[in-house]
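1. sequence plus predicted model, see below.
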Amino acid sequence: DSPEIKEEVFRKDDRFLTLLKDIYVESRDPPVQVKDGGGEHLPCKQEEKRLTKLGHLEALDVKKVPKGKISIVEALTFLNNHKLQPQIWTAEKIAAEYSLELKEVNSLLEFFIPFTVQEFPKETKKAIKGHKPKKLT
């Protein structure tokens, strides 16, 4: 905030300006050297894929998925199989069958549960219909 400092900051020094005008900088990139690999190519990482296990739902989904992943239809299929027959479709069997990690299968079985459609018996429907609605006045 001092006026002396402000004056010093904004003052031009003629000696430094003349020295600055004498400076010339030129920059060039070094020439690019390409190494001849002698026909060697880096190995490209190919993702290992597996055929899906869809059965009669084959037309609904993709045909191949990377190992360690599953398609939506496969996920719904094995979740439903586990729900209906948990003693047969264990997490270990599902992991081996679909090339998945066991901890991921355990997480899927714990947190994703397929819906269940339930129909109510006819007696219940009658009980609901027999209820007299209140009249609005």
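-> Arrived safely.
2. for the residue nearest to residue 88 when sequence neighbours are not counted, which residues are in contact?
-> Leaving aside its sequence neighbours, residue 88 sits nearest to residue 81 (CB to CB, 6 or more residues apart in numbering; 7.8 Å). (C-beta placed from N, C-alpha, C; glycine too.) Residues in contact with residue 81 (CB atoms under 8 Å, 6 or more residues apart in numbering) are 88-89, 94.
3. what pLDDT does residue 81 get?
-> At residue 81 the predicted local distance difference test score is 88.
4. what are the buried residues along the stretch of helix or strand residue 105 belongs to?
-> Under DSSP states H and E, the secondary-structure element containing residue 105 is helix 102-111. Within helix 102-111, the residues that qualify as buried are 104-105, 108-109, counting by 16 or more other CB atoms under 10 Å.
5. circling back to that earlier point, quick one: the contacts of residue 81 as JSON lines, columns for secondary structure too.
-> Output for these, formatted as JSON lines (DSSP: H, G, I helix; E, B strand; the rest coil):
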{"residue": "88", "secondary structure": "coil"}
{"residue": "89", "secondary structure": "coil"}
{"residue": "94", "secondary structure": "helix"}
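6. on that earlier part again, does the residue nearest to residue 88 belong to a helix or a strand, and which?
-> For residue 81, the enclosing helix or strand under DSSP H and E is helix 72-84.
7. alright, that wraps it up for me.
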